[in-house]
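In: Let's see this in three dimensions:
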Amino acid sequence: MKTPEEIKIVESQIWNILKFVIDPEVEVNIVDMGLIYKVEYDGDKKVSITMTLSTPACPIGDAIVLSVKEAVIAKFTEFEVDVDLTFDPPWSPEMVSEEGKLLLGM
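Out: The predicted structure follows:
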């Protein structure tokens, strides 16, 4: 089991990994889009990610979720990655980071 500091380091690394997962509809990473709500590492081998999509009917939602899992597992090959898709709260443009807004021309 990891210390709280080690857990935070791994969670931070995962947030950084997720910045390389691009929403192909807008070509902005899912972190700057505000699609990732929470990353939790249990200190052993399990990561839980809570995220949303820009709309519940997103046609590429399954592909984005799969990309999230694959991105984390590429770095942490021994981890089990669970992605919890939620629409509470629903995504809104206000969730986009300042960097994301620049990339989107907002």
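
In: so what's the backbone phi/psi at the residue nearest to the spatial centre of the chain?
Out: In the chain, the C-alpha closest to the average C-alpha coordinate belongs to Ile36, at a distance of 4.1 Å (C-alpha atoms, centre = their mean). Torsion angles at Ile36 (phi, psi; degrees, to the nearest 10) stand at phi -100, psi 120.

In: swap in the one 10 residues further on?
Out: When quoted as degrees, to the nearest 10, the phi and psi of Lys46 stand at phi -120, psi 130.

In: just checking, it touches Glu78?
Out: No - applying C-beta atoms under 8 Å as the test, Lys46 and Glu78 come out as separate, 10.4 Å apart. (Each C-beta comes from the backbone N, C-alpha and C, glycine too.)

In: Could you check which of those two has the larger neighbour count?
Out: When neighbours are counted by other C-beta atoms under 10 Å, Lys46 comes out ahead of the other of Lys46 and Glu78, with 12 against 7.

In: Alright, calling it a day.
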